[in-house]
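S.K.: Show me how the following folds:
(2 chains)
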Amino acid sequence: MSKIGVVTFPGSLDDGDAARAARISGAEVVRLWHADPELHGVDAVVLPGGFSYGDYLRCGAIARFAPVMEAVADAARGGMPVMGICNGFQILCEAHLLPGALTRNQHLHFRNRDQWLRMENTDTAWTNHFTDRQEILIPVKNGEGCYVADQRTLDELEANGQIVARYIRGNPNGSTRDIAAIRNEAGNVLGIMPHPEHAVEALTGPSLDGLGFFSSVLRHLAGAAA
Amino acid sequence: MSDITIDTVKDAEATPDDLQPYLELGLKDDEYQRIKQILGRRPTQSELAMYSIMWSEHCSYKSSKVHLRQFGEKAPQSDRMLAGMGENAGVIQVSEKLAVTFKVESHNHPSFVEPYQGAATGVGGIVRDILAMGARPILVMDSLRFGAADHPDTQRVLPGVVAGVGGYGNCLGLPNVGGEVFFDECYQGNPLVNALSLGVLPVDGLQRKEADGPGNIVVLMGAKTGRDGIGGVSVLASATFDDASEQRRPSVQVGDPFTEKLLIESCLELYQAKLIVGVQDLGGAGLTCALTETAAAAGTGMDIQLEKVHLREASMEPHEILASESQERMLFIVEPAKLDAVLGIAQLWGVIATPIGVVTDTGRVRITFHGETVVDVPPGSLADDGPVYARPLREPADLILLQADRAETLPRPHHDYQLKDTLLKLAASPNLCDRAWVTEQYDRYVLGNTVLAQPEDSGVVRLDEETGLGVALSLDCNSRFARLDPYEGAKLALAEAYRNVAVTGAEPVAVTDCLNFGSPEDPAVMWQFAEAVRGIADGCQELGIPVTGGNVSFYNQTGAIAIHPTPVVGVLGLLENVAHRVPMGFAHAGDVLVLLGETGLELSGSEWAWVAHGHLGGRPPKVDFGREMAIAAFMQRAAETGLVRSAHDLSDGGLAQALLESVLRKGFGATVTLPTDLEPFVSLFSESAGRVLLTVPVGHRQAFEQLLAEHELPATVLGQVDDEGADLTVIGHGEAGRFAVSQAELREAFSGALPRLFGAGEPGAAESPVSAGAVAAAVLTETVVVETPAETVVATESVLLAEGEPVAQAGEAGQPEGEQPTDQQ
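M.R.: Purely as a prediction, here's the structure:
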């Protein structure tokens, strides 16, 4: 069984949810601790949502220096699938594993709503289970989810197919070019502002669309093993 | 140590006749004499500060105690109740292994002075109450009341309060699953911010506050102690403010939810490892309350070395340290052998933990500061033996005239086009319109157990993933009804919260309340309070569910004008399996639309009377608890058997509002034929209690009718659910022939109202893009202004308030509290 590691930083909040989602998808879950530099043999890592270190200084700015992040960054450069959700996305940007930055929502409010996305790239470790231009519904909830980058970076992201999902039927935070998720060039590192882990049970989520991210990585890992 | 002079016990003995500022601290002459009697000398400065806080309205319930006893006397005994009033929060057993604890509490005045931090620390305070019982907090709810929606000051208060509730709760990772937002000009100078939290704990994991075991160590954990809230609640609780009170500037604590999150995780590890003897949170009255309550509860004493407390400002004096209401602190009683383990867990989470003293068998709390004794008191005299007043009561002089001025005699529309206009106008009114502008600022998904959240009638949250066991919660009050008749109004609040829980299919089991009133020194206000308490107590007796705890907030008053009596009631329900919950909203074309209950001509206090005529008068709708119980029993059966697809409680705005909310929830239209034996306007806009709008799949109709008959419930078939996107069509009779409203029209009226008042918030559309610099500036103004609360918070004239808890025992440490003077002398 593939092992998915879920990191807990001080102030992580959706770590339990990410673990539940991975479990429901059929993965073995390994909880990773911010102060422990070991990855304990996991095959993929999820950096969950929350307010790591109270969002002090800048969202994700302190978490990137946590001992576990050194191991995560090394593994990511080596091709290990890593998904950062919300605060995890912010950490990935701060750690320079993904380009650009997440800034305060344009309307200055925290916003939580069920959000439609369009999948723009299914050639990643985390999205291969979706079909191109598939529309999915998962919750978004953030205060600092407005993705920004310079024009050249944005154009490169477009050209390389690194924009993985865009907001449709309304942009909840003013994100540039409606960007909801991006990947690195290699396709193993994904940053996503909405929360797939909150759309994995009919009882508690607006859909089951979030499961696709976890089943994608399991398929990816199974393919890599084969 | 600085060169300040500390008033020691020795000094107090040596200078018995020194004048002391007890009046300024809110103590009456006879109260001051009693303190001298208890101590056999004058109190030291620190002792005086402690008594003034602990004997304040907020901590001692001196005005409310005699009334609140009814909750205990009239409450049915419940096997489920593991802890009740007198504790930080009531505890209810929900399964063989699990219990939940829940309570609602006010943080009104601080939220007016500094809306963001006032509301944020309100959430932080109630969460620590839940934590102190041994529970993991798993949700929050908020009940908010503001002045007129279009008043300029509401533009300041509401966005700040909402951002504060969200900012703190979101950062703690607690889903906000429901609550209320209500506007009325009576709250202009006194907005109400009531916050509820619920936690879950193992049945054998209930924590005690008793400081047992002489020799055990007293440990303070959490944030450093600063100068926030020095002087305690006493002054603001004491009397009406006037211009001369300006120097007693209140200050509001500044919350740090990140520290609280770490504190929560540390506490839960301590509980799980069974490392502590006792625990108490620090809220209102800070260290003073936590020390004296824990010692008094155990009948022990304490020797405390105050200089060991970690301070934010080194120059703080003993009375300031004792009175500080700095947030995010807990007090533990720890066996010496376990101290290292306790400190180790604190270190793991990066939380400061400091041994500050020991438990003794002296029966006295003795506090030294650098070797000098500054406090030597019997703790029970502070915690339990505060003054109790039976204050005079008098029915408000204007009540008879008010009740005679009935809304049923107001001119009301008859034509169908007028009814449509009324429906849309009400839908867009501040009290009935869509709350999404507020609730979208709250995380409702975190923890992954939220089954229903706003705008549903109740928040429904799963406790156990394997069995599906869960809770349903609702907070309600219509204060206009309470203004017209506080006894009936309180019963109506209880009935509505009970019904909101019941319509999900949950079994209502317990009650918490937050009683917000004006000055208890006004006999008319005190009469309203007594009537409201009697109403809740009588209602709970009839319903067979106990009040397990809550909070009293007096002095919500500007000058001579008090707020409407506002007894906010929270009802807790249980669902054996949350998968059976009944949601609101039409969801399937062809379903039969049924109205449960009966509609009478009851328009007094209604939203229509207010919106259409600016009218408040008459008597509120009647309450029939027997009917409410029958509805609850029916809904539990209907939910278990899956007979109904949706249910929605009828309350403010009547049937018309319930219809439009049910249409917009999932976008299915409906065709409704109003009963011919009632005037169409009354069918649509009357606010009779005991009614529920249901949809029933056609195939279940027969079984449904059988179940109705078993529960002897009256019901009316109103029509059917139409296709997705279809209009809401209403067929009346006479002049009110027929009208149809498109969903676009409904949505524009209903969902556009709050954004029109408080900003659209659509990035790139309604608002121009904001530069990063402007964003940073906005962030700064929002959060940094109160970094030095003592200096920046504006004094407010004629605004006062006290907060306390309806518990038989005085002096809760649990309240978040904030209305503080900055200088004590």
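
S.K.: Packing partners of the top helix by length along chain A?
M.R.: Using DSSP state H to define each element, chain A has its longest helix at helix A:211-225. Judged by 3 or more Cβ pairs under 8 Å, 6 or more residues apart in numbering or on different chains; DSSP states H and E, the packing partners of helix A:211-225 are helix A:15-24. C-betas here are computed from N, CA, C, even on glycine.

S.K.: Need the nearest residue in space to B:Asn170, chain neighbours excluded.
M.R.: B:Asp443 (4.5 Å; Cβ to Cβ, 6 or more residues apart in numbering or on different chains).

S.K.: quick one: pLDDT of the one you found?
M.R.: Predicted confidence (pLDDT) for B:Asp443: 98.

S.K.: hang on, the earlier thing: and the longest helix of chain A with helix A:15-24, angle?
M.R.: Relative orientation of helix A:211-225 with respect to helix A:15-24: 60 degrees, computed using axes from the mean of the first three to the mean of the last three Cα atoms, to 10 degrees.

S.K.: starting at the chain centroid, how far to stretch B:731-748?
M.R.: Centroid separation between stretch B:731-748 and its chain, computed with Cα atoms, centre = their mean, to the nearest Å, is 37 Å.

S.K.: anything in that stretch near chain A?
M.R.: No. Stretch B:731-748 lies out of reach of chain A by Cβ under 8 Å from any Cβ of the partner chain, never closer than 13.9 Å.

S.K.: The closest residue to chain A within the stretch 501-650 of chain B: what's it in contact with?
M.R.: Distances between the stretch 501-650 of chain B and chain A by Cβ to the nearest Cβ are smallest at B:Ala579, namely 6.0 Å. Listed by Cβ atoms under 8 Å, 6 or more residues apart in numbering or on different chains, the contact set of B:Ala579 reads A:Leu203, B:Gly468.

S.K.: Output the below-cut-off pLDDT ranges for chain A.
M.R.: A:225-226 (pLDDT under 70).

S.K.: ok, 90 please
M.R.: Residue ranges of chain A with pLDDT under 90: A:1, A:57, A:223-226.

S.K.: if you go through it in chain order, where are the strands?
M.R.: Here chain A has its strands, by DSSP state E, at A:3-8, A:28-33, A:44-47, A:82-85, A:101-103, A:111-119, A:135-142, A:146-148, A:163-168, A:179-183, A:189-192.

S.K.: before we move on, back to that, the longest helix of chain A: how far from the chain's middle?
M.R.: For helix A:211-225 - counting by Cα atoms, centre = their mean - the centre lies 15 Å from the chain centre.

S.K.: Assign the closest residue in space to B:Ser479 that isn't next to it in sequence to helix, strand or coil.
M.R.: The shortest distance from B:Ser479 to any non-neighbouring residue, by Cβ to Cβ, 6+ apart, is to B:His564 (3.9 Å). Classification of B:His564 using DSSP: H, G, I helix; E, B strand; the rest coil returns coil.

S.K.: B:Leu475 now?
M.R.: B:Leu475 ends up strand, using three-state DSSP.

S.K.: try B:Ile333
M.R.: Secondary structure of B:Ile333, per three-state DSSP, is strand.

S.K.: Name the nearest residue to it, sequence neighbours excluded.
M.R.: That would be B:Gly278: by Cβ to Cβ, 6+ apart, it lies 3.7 Å from B:Ile333.

S.K.: Likewise for B:Leu463?
M.R.: In space, B:Leu463 is closest to B:Leu469, 5.0 Å off (Cβ to Cβ, 6+ apart).

S.K.: Pull the number of nearby residues for that neighbour.
M.R.: 19 (other Cβ atoms under 10 Å in any protein chain shown).

S.K.: Report the contact partners of it.
M.R.: Counting by Cβ under 8 Å, 6+ apart, B:Leu469 touches B:Val94, B:Ser95, B:Leu98, B:Arg462, B:Leu463, B:Leu574, B:Leu575, B:Glu576, B:Asn577, B:Val578.

S.K.: Which of those residues has the largest number of neighbours?
M.R.: Neighbour counts for the contacts of B:Leu469 peak at B:Leu575, which has 29 neighbours (criterion: other Cβ under 10 Å).

S.K.: For the nearest residue in space to B:Gln45 that is not next to it in sequence, what is the enclosing helix or strand?
M.R.: Leaving out its chain neighbours, the residue that sits closest to B:Gln45 by Cβ to Cβ, 6+ apart is B:Asp7, at 4.0 Å. Using DSSP states H and E, B:Asp7 sits within no helix or strand.

S.K.: And B:Asp7, what's its pLDDT?
M.R.: The predicted local confidence for B:Asp7 is 94.

S.K.: what sits against it?
M.R.: Contacts of B:Asp7 by Cβ under 8 Å, 6+ apart are B:Thr44, B:Gln45, B:Ser46, B:Val374.

S.K.: B:Arg701 and B:Val594 touch, don't they?
M.R.: No. If you go by Cβ atoms under 8 Å, B:Arg701 and B:Val594 don't touch, sitting 9.0 Å apart.

S.K.: higher neighbour count, the two?
M.R.: Each of B:Arg701 and B:Val594 has its neighbours counted (other Cβ under 10 Å); B:Val594 has more, 21 against 15.

S.K.: Just to check, the more buried one is in contact with B:Pro714?
M.R.: No. B:Val594 sits out of contact with B:Pro714 when judged by Cβ under 8 Å, with a separation of 10.7 Å.

S.K.: how many other residues sit next to B:Gln20?
M.R.: 21.

S.K.: swap in A:His96?
M.R.: A:His96 - counted by other Cβ under 10 Å - has 9 other residues nearby.

S.K.: Against chain B, how distant is it?
M.R.: 19 Å (Cβ to the nearest Cβ, to the nearest Å).

S.K.: what separates that residue from A:Gly191, distance-wise?
M.R.: For A:His96, the distance to A:Gly191 (Cβ to Cβ, to the nearest Å) stands at 12 Å.

S.K.: again with B:Leu262
M.R.: Separation of B:Leu262 from A:Gly191 (Cβ to Cβ) stands at 26 Å.

S.K.: Just confirm B:Ser606 contacts B:Glu687, I think it does.
M.R.: Yes. Using Cβ under 8 Å, B:Ser606 is in contact with B:Glu687, at 4.6 Å.
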